[in-house]
Structures are given as structure tokens and as C-alpha cells.
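Enquirer: no sequence on hand, only this structure:
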Ligand SMILES: Nc1nc2c(ncn2[C@@H]2O[C@H](COP(=O)(O)OP(=O)(O)OP(=O)(O)O)[C@@H](O)[C@H]2O)c(=O)[nH]1
Ligand SMILES: C[S@@+](CC[C@H](N)C(=O)[O-])C[C@H]1O[C@@H](n2cnc3c(N)ncnc32)[C@H](O)[C@@H]1O
Ligand code: SF4
Ligand code: SF4
């Protein structure tokens, strides 16, 4: 196998991005959480199992690894995991930010490139209603610490919840405005729980487009990025979006060690528990073969 072999699925989509769920456990209980599509996970992977997976990913030309969960920062070995990311792979974490203030500097020193921080409201009451925790200030302190540590750009993930936080978009635009290191991500709610707050992101995109001085298209998912009056906003609108899936370049690993070809499917997971070397590589190939756009 060449050092730069990139895996492609039968739809011609290259896999360049790996999302590893480090745990299904979390210190918050958001009303909408999809937990990265995990259902009843078994035992978490060990540090060594995660390192073996990252090393195979490097052989297959994976360019970026995202650590997610559950809440990835509650893993006691998170710094060891980040230190073990193979050279040449950019690593990032998606976190709720609760523990970030104390950890940002160490994460940066361990080699982490950047963070996405979930923040669905700037109002303490609304934040508590969504997450179950009266801890908005911890998250804001975490974002400041991440900026100071250079974990940039810091992307703020805001899931649009109709009737709960959709009146706060302008407040968020003000929050990120004129800070080149802060990007706002507006995310469409996917229904994984009985959560009835789905909002229309197409309407939001039309509003952003009408106020934008420029619109870019990201390679991944062909997501649109809007530049308006000093604020950078990316829109994540996956549902019934064939273009989004056509440009999906990700493979996932569940916290209990299964390759997961698509966020929205649970019927084609492949267990990699107890495998390494050639066997693990062959399972990677098989998982990529099983990838297909969810919306097509
Ligand atoms: N349907 C679907 N949703 C996704 C996919 N990737 C990310 N999302 C959603 O997008 C949101 C943001 O995910 P993040 O973990 O912050 O990462 P990201 O924005 O996708 O990645 P970066 O921009 O590289 O940091 C989450 O709500 C995910 O549920 C995907 O491949 N399919
Ligand atoms: C599952 S969380 C895991 C990482 C971390 N605990 C956090 O909240 O950032 C990853 C991202 O998925 C988003 N998310 C969770 N459930 C979702 C849903 N039903 N629809 C859309 N996004 C969702 C969260 O807002 C977060 O930005
Ligand atoms: S913090 Fe993340 S993993 Fe935890 S409940 Fe909220 S969205 Fe889910
Ligand atoms: S729904 Fe599946 S195929 Fe579509 S973008 Fe998400 S992970 Fe990729």
C-alpha cells in the first residue's frame, strides 16, 4: 500500500476525514442530542485501540481527525490521544466547552489544531433549558481560553431550535463579528430524539445571502460560508440535501470501536475491536466500500 493511498467509495467520494467518538458519556444532557448516531454503546475503546486506528488512517491518507462524543474532554487520556495523532494529520475536537477553560492550553501544547464549541444560546436561562446546566459562563470562559491558546479558528456550533433560540442569530453574529478567529456554524436539527424544534435553515440561508458581501463553498459537504459585515457564518444543512451527501468525505468510529460509514445509519457498522495491522486495514476498506450517500 502506498503511503498516500486515498480510499474512495463506489460513488467516487474520497475519504479524507475521520471522526472518532471517544466516549458516549457526557456532562450535559441537551434536549436534542444525537450522540453521533450511537445507540447503546458497549465498552469504550482504550487509548491503544484509538492510536492503532489513527495509524491506519494515516496510511490511508486521512488528512483530518475530529474527536467527538459524548463529551471528548471528559476522557482522562485525551492529551495522550492528541499527542499520538500521526504527523501530517490535522486534529480538532468538538466540545461543549464546559471543561475547556482549564484545558485549552494543554490541548494546544499536545498538538491540537482547533476546537468547535457547542453554544446554542447566549442567554443563561435558554442555555440551561437546552443543556440542563446553568453553566453558560463556563463555556464562554472556555471559548476565551481557546482563543488565547490559539486553537483557532474557534467554531461556535449553534443548532437552530425553532421557538427556542432562533431569535438569537443576530446576537451570535454580533458575538463573532470582527473576530477573525471566531466562526459561527448554524446547524440544522436532525431528529434523533423526540425533539420537535426543527427550524427552516433554507430561510436562514436566504436571510444570510441577502446580507452577505461574499459567499464561499467549502469542499466538504459543499457547505456555504457567508461573510456579512465582519462576521463569518457557515451553514450545516444536511437533511434531504443531496449535494451535502455527494460531497461527504467522512468515515466515523463509534466510541465502542465500530466503523460507521454514515451518521444517519446504524445498519452497516463494522466492529474493529481486537483488530490491528492488515486486518484493521481490510476493515477500513470494507467500511469505505459500504459508504453511500444517505440522501441521493
Ligand atoms: N448529516 C450529517 N451531519 C453532519 C456531518 N458532519 C457533521 N454533521 C453535523 O454538523 C455539526 C457540526 O459538526 P462538528 O463536529 O462541529 O464538525 P464539522 O463542523 O462537521 O467539522 P469542521 O468544520 O471540520 O470542524 C454537527 O451537528 C453534526 O451533527 C455529516 O457527515 N452528516
Ligand atoms: C454530539 S455533540 C458531541 C461533542 C460535544 N459533546 C458537543 O456538544 O460539542 C457534536 C455536535 O453535534 C451537535 N448535535 C447533537 N445533536 C444534534 C442533532 N440532533 N441535530 C444536529 N446537531 C446535533 C451538537 O450541537 C454538537 O455541536
Ligand atoms: S454536550 Fe454534546 S454530547 Fe453532550 S448532550 Fe450536548 S450535544 Fe450531546
Ligand atoms: S447523512 Fe451520511 S452520507 Fe450524508 S453527509 Fe451525513 S454522513 Fe455523509
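Expert: Good, I have the coordinates. Note that the structure is a prediction, hence the values are computed from the model and not measured. Ligands and ions are numbered 1, 2, ... in the order given.
Enquirer: switch to C-alpha atoms for all contacts and neighbour counts from now on
Expert: Will do.
Enquirer: find the closest residue to ligand 3 in the stretch 151-296 of the chain.
Expert: Nearest to ligand 3 in the stretch 151-296 of the chain, going by CA to the nearest ligand atom, is residue 159, at a distance of 9.3 Å.
Enquirer: so who does the residue nearest to that residue when sequence neighbours are not counted touch?
Expert: Leaving out its chain neighbours, the residue that sits closest to residue 159 by CA to CA, 6 or more residues apart in numbering is residue 187, at 4.5 Å. Residue 187 is in contact with 157, 158, 159, 160, 201, 235, 236, 237, counting by CA atoms under 8 Å, 6 or more residues apart in numbering.
Enquirer: partner strands of the host helix or strand of residue 20, parallel or antiparallel?
Expert: Per DSSP states H and E: residue 20 is located in strand 17-21. Here strand 17-21 has these sheet partners by DSSP bridges: strand 64-68 (parallel), strand 250-253 (parallel).
Enquirer: would you turn these into CSV with distance to ligand 4 and mean pLDDT?
Expert: Below are the strands paired with strand 17-21 laid out as CSV (distance: least, CA to the nearest ligand atom, whole Å; pLDDT from 0 to 100):
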stretch, distance to ligand 4, mean pLDDT
strand 64-68, 14, 98
strand 250-253, 7, 98
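Enquirer: quick one: which of those strands is nearest residue 167?
Expert: strand 64-68 (27.6 Å; CA to CA).
Enquirer: hmm, that closest one touching ligand 2?
Expert: Yes. Contact of strand 64-68 with ligand 2 (CA under 6 Å from any ligand atom) involves residue 68.
Enquirer: can you tell if the helix or strand that comes right after that strand touches ligand 2?
Expert: Downstream of strand 64-68, the first helix or strand assigned by DSSP H and E is helix 78-83. No. On the criterion CA under 6 Å from any ligand atom, helix 78-83 is out of touch with ligand 2, staying 13.5 Å away.
Enquirer: in ChimeraX, select just the buried ones from the contacts of residue 187.
Expert: In ChimeraX, a selection of the buried entries from the contacts of residue 187 looks like this (16 or more other CA atoms under 10 Å):
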select :157,158,159,160,201,235,236,237
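Enquirer: which of the contacts of residue 187 sit farthest apart?
Expert: 157 and 201 (14.1 Å).
Enquirer: and the residue nearest to residue 72 when sequence neighbours are not counted, what pLDDT?
Expert: Leaving out its chain neighbours, the residue that sits closest to residue 72 by CA to CA, 6+ apart is residue 22, at 5.6 Å. pLDDT, residue 22: 98.
Enquirer: where along the stretch 151-296 of the chain do the strands fall?
Expert: All strands of the stretch 151-296 of the chain, identified by DSSP state E, counting those that start in this stretch, fall at 154-159, 182-187, 214-217, 224-228, 231-236, 250-253, 258-260, 270-271.
Enquirer: among those, which comes closest to ligand 2?
Expert: Using CA to the nearest ligand atom, the strands of the stretch 151-296 of the chain put strand 154-159 closest to ligand 2, at 5.0 Å.
Enquirer: direction included, what does the closest one pair up with?
Expert: In the sheet, strand 154-159 lines up against strand 114-118 (parallel), strand 182-187 (parallel) (DSSP bridges).
Enquirer: give me the angle between it and strand 231-236.
Expert: 50 degrees (axes from the mean of the first three to the mean of the last three CA atoms, to 10 degrees).
Enquirer: residues making contact with strand 154-159?
Expert: Applying CA under 8 Å, 6+ apart, the contact partners of strand 154-159 are 114-121, 143, 146-147, 181-189.
Enquirer: kindly report the same for stretch 257-272.
Expert: 36-38, 44-45, 250-254, 273, 280, 283-284, 287-288, 290-292, 294.
Enquirer: ok, and the closest non-adjacent residue to residue 128?
Expert: residue 134 (5.0 Å).
Enquirer: burial count for the one you found?
Expert: By other CA atoms under 10 Å, the residues close to residue 134 number 14.
Enquirer: burial of the residue nearest to residue 72, as a residue count?
Expert: Neighbours of residue 22 (other CA under 10 Å): 29.
Enquirer: separation between it and residue 150?
Expert: 23 Å (CA to CA, to the nearest Å).
Enquirer: with residue 14 instead?
Expert: Counting by CA to CA - residue 14 and residue 150 are separated by 30 Å.
Enquirer: all set, thanks.
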